[in-house]
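Q: sequence first, predicted model second:
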Amino acid sequence: MKKILLLSVIILGLSSFVYSQNKSSFGINGGLAIPTGKLADSQELGFQFGGIGRIVTSSPTVMVAIGASYTMLSGKKEDVTLYAGSSTFVGTIEYESFKPFNVFVGPQFGKEKGAYFLPAITGNFEKDWTRFGIDIGAGSLIPVGTGKNKVDLSVKFSLMNLIGKKEGEKSASVFRILAGLTF
């Protein structure tokens, strides 16, 4: 609940800052979160929702993107059979869910509409787990009507624990397919 409240505060803060900037925009998005790598061994498909602010710069093809998201992945349940000599043990392994809160910032290469590329650095927080990583994303901003509104279709790959990983810790990565609206 605290993460959702923090996300709401960040989104409101971003929206008020971004609206005060000329041609800057604010958007919300959501979509499918697919665990990859070792994280896929313990997690099911999930979903993500978040917000992104885009701040124009003096360059016509570079903006600064700042955002936050909340990802929800459910832990898998596995039936296991272990054999030890003449004994057989049958049981179930249940993995905990993984629900990281992410904050990111990076340059967005592309114009105010059309295709874009977004590499970003991230801070990822989940219960007692704090790690830093990278996001690599691409998408397209499709104008809707005659106003400033756009549909934002994107994909993003997140390597969540690149920095701060403990020795022997496996990679935590997620592939996201997102759709959103930009105002």
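A: Arrived safely. Numbering: from 1, shown residues only.

Q: now do the contacts for the closest residue in space to Gly30 that isn't next to it in sequence.
A: Computed as CB to CB, 6 or more residues apart in numbering, the closest residue to Gly30 that is not its neighbour in sequence is Phe49, at 4.0 Å. (Glycine included, C-beta is placed from N, CA and C.) Going by CB atoms under 8 Å, 6 or more residues apart in numbering, Phe49 touches Ile28, Asn29, Gly30, Ser69, Tyr70.

Q: one more time with 7 Å
A: Under the criterion of CB atoms under 7 Å, 6 or more residues apart in numbering, the contact partners of Phe49 comprise Gly30, Ser69, Tyr70.

Q: look up how far Pro107 lies from it.
A: Here the distance between Phe49 and Pro107 works out to 23 Å (CB to CB, to the nearest Å).

Q: and if you look at Lys77?
A: From Lys77 to Pro107 the distance is 41 Å (CB to CB).

Q: these two - which one has more neighbours?
A: Per other CB atoms under 10 Å, whichever of Lys77 and Pro107 has more neighbours is Pro107, with 15 against 10.

Q: coming back round to it: so which of the contacts of Phe49 sit within helices?
A: If you go by DSSP state H, these have nothing in helices.

Q: in JSON lines, list these along with pLDDT.
A: Shown next, in JSON lines, are these (pLDDT from 0 to 100):
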{"residue": "Gly30", "pLDDT": "97"}
{"residue": "Ser69", "pLDDT": "95"}
{"residue": "Tyr70", "pLDDT": "95"}
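
Q: just the buried residues of the residues you listed.
A: Buried residues within the contacts of Phe49, counting neighbours by 16 or more other CB atoms under 10 Å: Ser69, Tyr70.
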